[in-house]
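Participant: Quick one: sequence and predicted model below, then my questions.
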Amino acid sequence: MKRKLLLTITMIVSLLVMVACSGESSTAGTSSSTAKKDRPFVYVAQQVVGTVDPAKHTDETELIAILNTYDPLVYPKIEEGVMDPGPHIATDWTTSEDGKVYTINIRDDVKFQSGNALTANDVVYSIQRMMEINQGFSWLWTGILEAENVVALNDTQIQFTLNSAYAPFISTLTQLFIVDSKLLQENQKTGEYGDNGDYGLAYLENTTAGSGPYTLKEWDRGAQLTFAKSDSYWKGWSENQLEEIQMKIITEQATVKTMLNSGDADMVHQWLTVDTYEEFKKASGIVVQEDPSVQLQHLPINTQKAPTDDINVRKAILYAFDYETANNQILNKATQAVGPVPILVPGHNDDLVSYQRDVEKAKEYLAKSKYAGQDLEIEFMYLADTPSQRQLAQLLQSNLAEIGITVKLNGGPWTAVTEATANVETTPHLVAISDTLKYPHVDSHTYGIYHPSAHGSYRSSSWYDDKATTEVLEAARKSTSEEEQMSLYKQAQELINENAPSIYIANPNHRIAFRDYVENYKYVGILGYDLGFYYLRVK
């Protein structure tokens, strides 16, 4: 059964703004490829990498590390200008009429960096490993697939038998990265997984076991990862591709600016202030690429913790918030989000009504709550090293003070956010989250955030648990009719929006800056996939 519910980059490209302005600023460094040749390519990331194990990754920088050292089973059709999952390690697939059985054929010419051949057994081992360890993106298949129901029919064919039809299944395989089962089995230690010991967890604490374009040459935790070209990569190499990359972790914005301006960095991340990108546009030798994004900038509200367990308090917060200031000033004319699904994602419910600032209405909702008349204090956690989030924190604090709610600001690193949101008791009342598509399907921003099975991740820090929504989302996943699927996903969005589990602020523009000798960067939209270094070129 074909599933064409996916966002095409063609939609985005039609709106793309490519800005490469040159000025007379003397702050820019050498902009020729001469500076590139005598050192590794330098990409500056904004947060530390916690793991390079493809069974454990959860965020952007971790996925960048994994995407460049491992191969996923399927890959977005970047070169065709669409996000649909296309052939990669998998060559083709068929689906049974009831939508439960997927038979996937794979390439027979792929070798891991160890020299071991990649076979169907490695694919089976990889997904079973993910499901047994039960971390990272394993939630994609929780309740959908039993580990024993993935079998290798021969060296190049795998059969997945699902418990029920699952609309986004092929799309989710963009998050299934294939590990070298033979290498891990040779290096496994005694552990809780029976014959599989520790499933190679200890081994992959410091190294990789993939077939991707780069090896992990060095990892200075908290500071830098160095990737080196794998000469045996099955897709081959051409001139001007990146042979060695240093991914430097730098949280101080002033340092990031200096590095790109001076030419000590070749590309910097998307999380700088809008003003910084505006400065880059005026500098010599720097390109700023802007694309309408499929990202959701929002503030999830803990629906299980007093006083935000009361829907009236949550709606008071939503009506008190100043969306216009947030989008026009802090996020530089970003598009206001309408519900949980980014506007450009096929399946977005265009009939939803966005919340707007109305202080009097906010006070009315607060007066209807079970906490009416009480002094209310809530905690808001945000990334202290992300300027826009600091500004949003100050705005929220000011807005809620107008309706009598005190906001305690808690700025910290990303690790603090992921740790705090792992359980309901430690999750603050509100958290600042920028959520990119994790797989190319509307399911990512509905079921992937608001189904109870997603609880325990920063994505689900609202701890949303609504029976009606859960039933609709489960029905959407099980439907074999594309029309019915879309109708149900839109119904779920309506329920979610009405229950007010988040302040839906923006679908902001995606911005990234790089030196003008860097070529072939393409905005993809799926978490981390923009930084597949194999696809970049330098002049």
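Facilitator: Perfect, thanks for sending it.

Participant: Show me what the helix or strand hosting residue 379 is packed up against.
Facilitator: Using DSSP states H and E, residue 379 falls within strand 376-383. If contacts are counted by 3 or more Cβ pairs under 8 Å, 6 or more residues apart in numbering; DSSP states H and E, strand 376-383 sits against helix 387-401, strand 405-412, helix 414-420, strand 430-431. All C-beta spots, glycine's among them, are computed from the backbone N, C-alpha and C.

Participant: quick one: it to chain centroid distance?
Facilitator: 23 Å (Cα atoms, centre = their mean, to the nearest Å).

Participant: swap in stretch 398-410?
Facilitator: 29 Å.

Participant: Would you indicate which residues of it are buried?
Facilitator: By 16 or more other Cβ atoms under 10 Å, the buried positions in stretch 398-410 come out as 399, 400, 403, 405, 407, 410.

Participant: And for stretch 76-84?
Facilitator: Buried, per 16+ other Cβ under 10 Å, within stretch 76-84: 76, 77, 78, 82, 83, 84.

Participant: The last one contacts residue 76, correct?
Facilitator: The reference is to residue 84. Yes - judged on Cβ atoms under 8 Å, residue 84 makes contact with residue 76 at a distance of 6.9 Å.

Participant: what do the two both touch?
Facilitator: Residues within reach of residue 84 and of residue 76 at once, by Cβ atoms under 8 Å, 6 or more residues apart in numbering, are residue 440.

Participant: my guess is residue 44 is in a strand, correct?
Facilitator: Yes - checked against DSSP: H, G, I helix; E, B strand; the rest coil, residue 44 lies within a strand.

Participant: what about the nearest residue to it once chain neighbours are set aside, neighbour count?
Facilitator: Sequence neighbours aside, residue 268 is the residue nearest to residue 44 in space, at 4.4 Å (criterion: Cβ to Cβ, 6 or more residues apart in numbering). Neighbourhood size, residue 268 [other Cβ atoms under 10 Å]: 27.

Participant: Show the backbone phi and psi for residue 268.
Facilitator: Residue 268 has phi and psi values of phi -130, psi 160 when expressed as degrees, to the nearest 10.

Participant: Then residue 335?
Facilitator: The phi/psi pair for residue 335 (degrees, to the nearest 10) reads phi -80, psi 130.

Participant: wait, residue 266 sits on residue 514?
Facilitator: Yes - contact criterion Cβ under 8 Å: residue 266 and residue 514 qualify, at 6.1 Å.

Participant: average pLDDT across the strand holding residue 379?
Facilitator: The average pLDDT within strand 376-383 is 97.

Participant: In contact with residue 349, which residues?
Facilitator: Here residue 349 is in contact with 338, 339, 341, 489, 490, 493, 494 (Cβ under 8 Å, 6+ apart).

Participant: Then residue 184?
Facilitator: When the contact criterion is Cβ under 8 Å, 6+ apart, the partners of residue 184 are 125, 129, 199, 200, 203, 204, 209.

Participant: cool, residue 359 as well?
Facilitator: Neighbouring residues of residue 359 by Cβ under 8 Å, 6+ apart: 319, 320, 402, 403.

Participant: cool, and residue 269?
Facilitator: Neighbouring residues of residue 269 by Cβ under 8 Å, 6+ apart: 43, 44, 45, 46, 256, 512.

Participant: could you say what helices and strands whichever strand or helix holds the fifth one packs with?
Facilitator: This means residue 256. Taking DSSP H and E as the criterion, residue 256 maps to helix 253-262. Helix 253-262 is packed against strand 41-45, strand 267-268, helix 274-282, strand 509-515, with contacts defined by 3+ Cβ pairs under 8 Å, 6+ apart.

Participant: quick one, which of these is nearest to residue 180?
Facilitator: Residue 180 lies closest to strand 41-45 among those, at 25.5 Å (Cβ to Cβ).

Participant: So in that sheet, which strands flank that closest one, and in what orientation?
Facilitator: Note on strand 41-45: by DSSP bridges, its sheet partners are strand 244-249 (parallel), strand 267-268 (parallel).

Participant: So for the following helix or strand past it, mean pLDDT?
Facilitator: Sequence-wise, the next helix or strand downstream of strand 41-45 (DSSP H and E) is helix 60-67. Mean pLDDT, helix 60-67: 96.

Participant: contact partners of the helix or strand just after helix 60-67?
Facilitator: Sequence order places strand 75-76 as the next helix or strand after helix 60-67, per DSSP H and E. Around strand 75-76, the neighbours that count as contacts under Cβ under 8 Å, 6+ apart are 82, 83, 84, 85, 86, 87, 88, 174, 440, 524, 526, 529.

Participant: Turn those into JSON lines, columns for pLDDT, secondary structure and distance to residue 475.
Facilitator: JSON lines is the format used below for the contacts of strand 75-76 (pLDDT from 0 to 100; DSSP: H, G, I helix; E, B strand; the rest coil; distance: Cβ to Cβ, whole Å):
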{"residue": "82", "pLDDT": "75", "secondary structure": "coil", "distance to residue 475": "27"}
{"residue": "83", "pLDDT": "79", "secondary structure": "coil", "distance to residue 475": "25"}
{"residue": "84", "pLDDT": "84", "secondary structure": "coil", "distance to residue 475": "24"}
{"residue": "85", "pLDDT": "91", "secondary structure": "strand", "distance to residue 475": "23"}
{"residue": "86", "pLDDT": "94", "secondary structure": "strand", "distance to residue 475": "28"}
{"residue": "87", "pLDDT": "97", "secondary structure": "coil", "distance to residue 475": "30"}
{"residue": "88", "pLDDT": "97", "secondary structure": "coil", "distance to residue 475": "31"}
{"residue": "174", "pLDDT": "96", "secondary structure": "helix", "distance to residue 475": "24"}
{"residue": "440", "pLDDT": "87", "secondary structure": "coil", "distance to residue 475": "21"}
{"residue": "524", "pLDDT": "88", "secondary structure": "coil", "distance to residue 475": "30"}
{"residue": "526", "pLDDT": "87", "secondary structure": "strand", "distance to residue 475": "25"}
{"residue": "529", "pLDDT": "93", "secondary structure": "helix", "distance to residue 475": "29"}
